[in-house]
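[1] Structure of the sequence below:
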Amino acid sequence: MIKTVEEITIVMNNDLLILTNRKNKSYFRYNLKDKQLIFRDSNDNIIQNYSARISINFEVFYLTYEGQTINMSDGSMIAYLSYKDIQELAEKTFYEEGQKRVYDFVNLKFIIEL
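    Model (predicted):
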């Protein structure tokens, strides 16, 4: 299913949920099967809840433990945070002020009817 509500694009199937806020470029991806979260805020910071090997401009970085960050040259960062921390961060920063909420990131459920 693909649907847009209040400038938020929802892409969902049995294993994956993606929410993209066109107003501020925030992005939330939840892999329901693996319980993996990735959140990109409006400042291009990327936060995930799993370890990863990341290649940037031919340089390899490893995120191996919670709390670890990679600082990018543009001032943004990539971070490995807990599942709960990402949920709370997304809940606080995904929406613009006054923007209609369509998804509850803390409880991982839709607020609107699809």
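[2] For the nearest residue to D104 once chain neighbours are set aside, which residues are in contact?
    Closest residue to D104 apart from its sequence neighbours, by Cβ to Cβ, 6 or more residues apart in numbering: I111 at 5.5 Å. The C-beta positions use only the backbone N, C-alpha and C, and glycine is treated the same way. Applying Cβ atoms under 8 Å, 6 or more residues apart in numbering to I111 gives the contacts 101-104.
[3] Out of these, which two are the most distant from each other?
    V102 and D104 (9.0 Å; Cβ to Cβ).
[4] and the two? which has more neighbours close in?
    V102 (20 against 13; other Cβ atoms under 10 Å).
[5] Local confidence estimate at the more buried one?
    On the pLDDT scale, V102 is placed at 95.
[6] Can you give me the distance of it to M12?
    Taking Cβ to Cβ, to the nearest Å as the measure, V102 falls 12 Å from M12.
[7] list residues touching both of V102 and D104?
    Residues touching both V102 and D104 by Cβ under 8 Å, 6+ apart: 110-111.
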